[in-house]
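J.: Return a 3D structure for these sequence lines:
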Amino acid sequence: MSIVANIYGFLGYYNHSRGNFEKAKELYEKFFQQGGKKPNYLLSYGVLMLREGQYEKAKDLFSMVLVDLPVKEEFKTMAKINISLAYWKLGDMDIAVEMLEEVHRKHRSGKVYGTLGYLLIQKGDLERALEYNLEALDYDDEDPVILDNLGQIYYKMGNIDKAKEFFEKAEEKKDDQAVTLYYLGLIYSKEGNKALAREKLEKALTSNLTPLSAVTREDIEKALRDLD
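T.: As a prediction, this is how the structure comes out:
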């Protein structure tokens, strides 16, 4: 890899880490066009493409790390976790789940538990999702993604009290998760606490919403209108 490519990759990563996504995308593309193949930059570029909804591009970048490059196992694991999200958004949910189950068998981590637990919810198999996310809770009972996953499951199952318990725990650990705030807003609205519901929903609108989020800006805006 050329020195120029490496410089572009570093600058892309620098801007990415500081939230300058448009600049990062421009620099990552120059890194890529210069023949850059450093796996951490390819993975970061792929994550940015996921964030922007460019799933085919993301899949291609993660595939390079998985197939084309002689990289450490940790990079391959990260690529498999992320490529599963691309497959999900491209309509191949079964492939996405199978890949994460393979990763889970070889390498358990909070990231794996959180991602696979989330995809099982999106697949709609709530019983299996509940079983897996409870296992995840045993692994790490402070991970905000795992706590949020359980909140979503219990909410969808109609157990609102249990859902509230997990969403409030998730908020304590990470207070800017849009999904957590959205569901808390719905729950507080059901309880008649409109002021607190509005506070959570308005904060959800300012949180990080991406095409991978379980709720959309339109969902949150509708919930706010329903308060009126």
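J.: what's the longest helix seen in the chain packed up against?
T.: Counting residues, the longest helix in the chain under DSSP state H turns out to be helix 73-89. Of the remaining helices and strands, those touching helix 73-89 by 3 or more CB pairs under 8 Å, 6 or more residues apart in numbering; DSSP states H and E are helix 39-51, helix 55-63, helix 93-106, helix 110-123. In this view, the C-beta of every residue, glycine as well, is placed from N, C-alpha and C.
J.: what does it contact?
T.: With contact meaning CB atoms under 8 Å, 6 or more residues apart in numbering, helix 73-89 is reached by 39-40, 43, 46-47, 50, 53, 55-56, 58-59, 62-63, 65-66, 93, 95-97, 99-100, 102-103, 106-107, 111-112, 115, 119, 122, 211-212.
J.: From these, keep the buried residues only.
T.: 39, 43, 46-47, 50, 55, 58-59, 62, 65-66, 93, 96-97, 99-100, 103, 111-112, 115, 119, 122, 212 (16 or more other CB atoms under 10 Å).
J.: what angle separates the lowest-mean-pLDDT helix or strand in the chain from helix 39-51?
T.: None of the helices or strands of the chain scores lower by mean pLDDT, DSSP states H and E than helix 3-17, at a mean of 91. Interaxial angle of helix 3-17 relative to helix 39-51 (axes from the mean of the first three to the mean of the last three CA atoms, to 10 degrees): 50 degrees.
J.: hmm, who's touching helix 3-17?
T.: 21, 23-28, 30-31, 34-36, 38, 40-41, 44-45, 48.
J.: please redo it, this time with the cut-off set to 10 Å
T.: 1-2, 20-38, 40-45, 47-48, 51 (CB atoms under 10 Å, 6 or more residues apart in numbering).
J.: how near is residue 23 to residue 60?
T.: Look at residue 23 and residue 60: by CB to CB, to the nearest Å, they are 22 Å apart.
J.: low-scoring stretches of the protein, by residue?
T.: Within the chain, the segments meeting pLDDT under 70 span 1.
J.: before we move on, the earlier item: how about JSON lines for the helices and strands packed on helix 73-89, with distance to residue 74 added?
T.: Formatted as JSON lines, the helices and strands packed on helix 73-89 follow (distance: least, CB to CB, whole Å):
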{"stretch": "helix 39-51", "distance to residue 74": "9"}
{"stretch": "helix 55-63", "distance to residue 74": "14"}
{"stretch": "helix 93-106", "distance to residue 74": "12"}
{"stretch": "helix 110-123", "distance to residue 74": "11"}
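J.: ok, residue 191 - contacts?
T.: Contacts of residue 191 (CB under 10 Å, 6+ apart): 160, 164, 197.
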